[in-house]
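[1] Pasting the sequence and the predicted coordinates here, then a few questions.
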Number of protein chains: 2
Amino acid sequence: MNNVTSTADPEGNREMILILTPLARFYQEYWDNLMKLTYPHELITLGFIIPKNKEGHAATAALQEQVTKTQKLGPEKNRFASIIIERQDFDPPLQSQNEAERHKMENQKARRAAMSRARNSLLFTTLGPSVSWVLWLDSDIIETPPTLIQDLASHDKAIIVPNCFQRYYDAKDKRMAERPYDFNSWQDSDPARKLGEAMGPDDILLEGYAEMATYRTLMAYLANDSGDAKQEIPLDGVGGTALMVKAEVHRDGAMFPPFPFYHLIETEGFAKMAKRLGWSATGLPNYKVYHYNE
Amino acid sequence: MNNVTSTADPEGNREMILILTPLARFYQEYWDNLMKLTYPHELITLGFIIPKNKEGHAATAALQEQVTKTQKLGPEKNRFASIIIERQDFDPPLQSQNEAERHKMENQKARRAAMSRARNSLLFTTLGPSVSWVLWLDSDIIETPPTLIQDLASHDKAIIVPNCFQRYYDAKDKRMAERPYDFNSWQDSDPARKLGEAMGPDDILLEGYAEMATYRTLMAYLANDSGDAKQEIPLDGVGGTALMVKAEVHRDGAMFPPFPFYHLIETEGFAKMAKRLGWSATGLPNYKVYHYNE
């Protein structure tokens, strides 16, 4: 019997959070950041899906070492409610491609379709009756505010996305700097809609490619250093590097389409599907999380 | 860690079956039929979703009485692995409409959209990592062969559907007879495809209405009294009164679209979505299950 809520005060209401991570490579910084989250760990379940290949075996071993350290040997207050590791049989979406190779347009469709299947499998397998929120967190997100869960939930939105940036060393200025990383959170545009209408039924729109100019408004470019971290904008597409979703949105049927859905797939298709179900997505342009720099 | 299979010999391979039932009214005959299934009960989990209204409360009470009888007081071999009851908050798809009212075309879209949400919520909430097969079984299916699970699985198909009939008293011939009941299992037709193409994006195709002649081949009419119970036919749409699905099809993302998906919703939309994911559906025209006669 269920009576779960998803509210702006999840801690006060003892709401269970399911953090889902498709894992190709294990980054210690990802785990360290996870450990620093101040949301009560006993209300957090972690779910991972890891490809059944050589790299996946290594990632699993590294992950399990940390799991043992935290769940068996560490202080009780650090322990998570439970940790589920799923190994995937189908073709891994996260082959060991380098960044340039991975971003090639022709590779994107297959890669993101496979990633969709991984996300769906993980979601359908782990979303139990007691979960209030699902936080999608990619394995290469290595820095977030420790209050990430409370901060995102406080907006009380069905789907909410922080802005994903990347720190790098600026050789010219000889100092650390940061740049936008995830371009999948956007507001739709007429040119993009028209591009879609002119496409074949199985073609997809992709963001961030010069040969397919969408003129969408990208959240990545809306960050403002002196801006309010709580500023909200409506979104039509969302990225999945960090993405918080009320469990009822998924329970309604919103998943990550591996097939072109209104010419969109994966997390962008998810936002569209959620919209078809009557939900909407919100972005936080000035609230940042950081991606690993390869 | 998962290593589940879905094979033609589920019993031999100790495969877990999840039987999912959206329940509006409790029929003792449904439960009695369930109890007679010869598939080892310790490999079966039952999941129910019941609306939070007066009728739902009554159904829950009746169900729980049987659950207690079976799980606590009955012989061990009759007990199921576990039983999950979910109460749904949103508008019940299964209002207490009489059959004529329920079948009105204008009521069908809203009713089946709500039913889709109920199915999705139940599915997303109960499909754990150890499940091999999902058997959708409506609460008004009161008679099946006791070997239903083994029989359906033996075909080793991604999605398989028996033919749903109804027994009735033939007043003219003064004897019991039977007639087709579920018309949602079909093979597509050119006229139906053309109807779809001419429709608005939010319109849906429905089967069994004179004002919308689809000329689809309906499995309901293909049953042959002397036919082979193992005869298979390919299907494009499926009904959900009894419907067996390999868990990996759902894990891939196949759900029951509450919105028009290629002008199809609910179980018919599910078949289309599964097809978009690369799976196909099979019907058994001569293998029958029976629906309650109101």
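    Received it, and whenever you're ready, just let me know what you need.

[2] Residues of chain A that sit close to chain B?
    The interface of chain A toward chain B, taken as CB under 8 Å from any CB of the partner chain, is made up of A:1-3, A:84-87, A:116-117, A:120-121, A:123-129, A:248, A:250-253, A:255-259, A:276-277. In short, each C-beta sits where N, CA and C put it, glycine included.

[3] Weed out the non-buried ones from the residues you listed.
    Among those, those classed as buried by 16 or more other CB atoms under 10 Å in any protein chain shown are A:2, A:84-87, A:116-117, A:120-121, A:123-129, A:248, A:250-253, A:255-259, A:276-277.

[4] mind checking which helix or strand the closest residue to residue A:83 other than its chain neighbours is in?
    Of all residues not flanking residue A:83 in the chain, residue A:46 sits nearest, at 4.6 Å (CB to CB, 6 or more residues apart in numbering or on different chains). Per DSSP states H and E, residue A:46 falls inside strand A:44-51.

[5] Show the contacting residues for the residue nearest to residue A:83.
    When contacts are counted by CB atoms under 8 Å, 6 or more residues apart in numbering or on different chains, residue A:46 is found next to A:19, A:21, A:34, A:80, A:82, A:83, A:84.

[6] Then residue A:228?
    Here residue A:228 is in contact with residue A:286 (CB under 8 Å, 6+ apart).

[7] Just give me the closest of the contacts of residue A:46 to chain B.
    Closest approach between the contacts of residue A:46 and chain B, by CB to the nearest CB: residue A:84, at 6.9 Å.

[8] Chain neighbours aside, what residue packs nearest to the closest one?
    Ranked by CB to CB, 6+ apart and with sequence neighbours excluded, the top spatial neighbour of residue A:84 is residue A:47, at 4.6 Å.

[9] Okay, and the beta partners of that neighbour?
    With DSSP bridges as the criterion, residue A:47 is bridged to residue A:20, residue A:84.

[10] Residue A:291 too?
    On the basis of DSSP bridges, residue A:291 is bridged to residue A:141, residue A:166.

[11] So for it, what's the pLDDT?
    In this model, residue A:291 is scored at 97, pLDDT.

[12] And for the one 3 residues further on?
    Here the pLDDT value assigned to residue A:294 is 80.

[13] would you say it is within a strand?
    No: read with DSSP: H, G, I helix; E, B strand; the rest coil, residue A:294 is coil and lies in no strand.

[14] Could you report the neighbour count for it?
    10 (other CB atoms under 10 Å in any protein chain shown).

[15] Relative to residue B:259, how far out is it?
    39 Å (CB to CB, to the nearest Å).

[16] Show the average pLDDT along stretch A:116-132.
    If you average the pLDDT over stretch A:116-132, you get 94.

[17] Just the pLDDT for the nearest residue to residue A:35 once chain neighbours are set aside.
    Spatially, and ignoring its direct neighbours in sequence, residue A:35 is nearest to residue A:78 (6.4 Å; CB to CB, 6+ apart). We have a pLDDT of 94 for residue A:78.

[18] so how far is chain B from residue A:78?
    Residue A:78 sits 23 Å away from chain B, going by CB to the nearest CB, to the nearest Å.

[19] same deal with residue A:228?
    34 Å.

[20] where's the residue of the stretch 51-200 of chain A found nearest chain B, which helix or strand?
    Of all residues in the stretch 51-200 of chain A, residue A:120 sits closest to chain B, at 3.8 Å by CB to the nearest CB. Taking DSSP H and E as the definition, one finds residue A:120 inside helix A:105-126.

[21] Mind exporting the C-alpha coordinates of that helix to CSV?
    Taking Å, rounded to 0.1, in the frame of the first residue of the first chain, the C-alpha atoms of helix A:105-126 are listed here in CSV:
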residue,chain,number,x,y,z
MET,A,105,26.7,13.3,-35.4
GLU,A,106,26.3,9.9,-37.0
ASN,A,107,27.3,8.2,-33.8
GLN,A,108,24.9,10.2,-31.6
LYS,A,109,21.7,8.5,-32.7
ALA,A,110,22.9,4.9,-32.0
ARG,A,111,24.7,6.0,-28.9
ARG,A,112,21.7,7.8,-27.4
ALA,A,113,19.3,5.1,-28.4
ALA,A,114,21.4,2.5,-26.5
MET,A,115,21.7,5.0,-23.6
SER,A,116,17.8,5.2,-23.6
ARG,A,117,17.5,1.5,-23.3
ALA,A,118,20.0,1.5,-20.4
ARG,A,119,18.1,4.2,-18.6
ASN,A,120,14.8,2.5,-19.1
SER,A,121,16.0,-0.8,-17.9
LEU,A,122,17.5,0.8,-14.8
LEU,A,123,14.3,2.8,-14.2
PHE,A,124,11.9,-0.1,-14.7
THR,A,125,14.0,-2.3,-12.5
THR,A,126,14.5,-0.1,-9.5
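
[22] Could you list every helix and strand in contact with it?
    When contacts are defined as 3 or more CB pairs under 8 Å, 6 or more residues apart in numbering or on different chains; DSSP states H and E, helix A:105-126 sits against strand A:16-22, strand A:44-51, strand A:82-88, helix A:266-276, helix B:105-126, helix B:247-251.

[23] what element comes up after it heading to the C-terminus?
    strand A:131-137.

[24] what angle separates that next one from strand A:16-22?
    Our comparison of strand A:131-137 with strand A:16-22, counting by axes from the mean of the first three to the mean of the last three CA atoms, to 10 degrees, yields an angle of 30 degrees.

[25] so strand A:131-137 versus helix B:105-126, what angle?
    70 degrees.

[26] Residues contacting strand A:131-137, please?
    With contacts defined as CB under 8 Å, 6+ apart, strand A:131-137 is touched by A:4-7, A:10, A:13, A:15-21, A:34, A:45, A:119, A:123, A:127, A:148-149, A:152-153, A:240-247, A:250, A:267.

[27] Drop anything exposed from those residues.
    Among these, the ones that count as buried (16+ other CB under 10 Å) are A:4, A:6, A:10, A:15-21, A:34, A:45, A:119, A:123, A:127, A:148-149, A:152-153, A:240-247, A:250, A:267.

[28] since we're on residue A:222, how many residues are nearby?
    For residue A:222, the number of neighbouring residues by other CB under 10 Å comes to 19.

[29] Nearest residue to it in space, please, no chain neighbours.
    Spatial nearest neighbour of residue A:222, chain neighbours left out: residue A:285 (4.0 Å); criterion: CB to CB, 6+ apart.

[30] Spit out the contact partners of the one you found.
    Taking CB under 8 Å, 6+ apart, one finds A:163, A:219, A:222, A:223, A:224, A:227, A:231, A:233 in contact with residue A:285.

[31] Need the buried ones from these selected in PyMOL.
    Applying 16+ other CB under 10 Å to these, the buried members can be selected in PyMOL as follows:
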select buried, chain A and resi 163+219+222+223+233
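
[32] where in the stretch 51-200 of chain A is pLDDT low?
    A:90-103 (pLDDT under 70).

[33] and if we set it to 50?
    Applying pLDDT under 50 to the stretch 51-200 of chain A flags the ranges A:92-94.

[34] ok, back up a step: sticking with the residue nearest to residue A:222, tell me its helix or strand.
    Here residue A:285 is assigned to strand A:281-291, by DSSP H and E.

[35] Kindly report the same for residue A:12.
    Assigned by DSSP H and E, residue A:12 belongs to no helix or strand.

[36] Number of residues surrounding it?
    Per other CB under 10 Å, the neighbour tally for residue A:12 reads 9.

[37] Look up how far residue B:243 lies from it.
    41 Å.

[38] One more: residue A:142?
    Residue A:142 is 44 Å from residue B:243, by CB to CB.

[39] Next, the residue nearest to the spatial centre of chain A: secondary structure please.
    In chain A, the residue lying closest to the centroid (CA atoms, centre = their mean) is residue A:240, at 2.8 Å. Secondary structure assignment for residue A:240 (three-state DSSP): coil.
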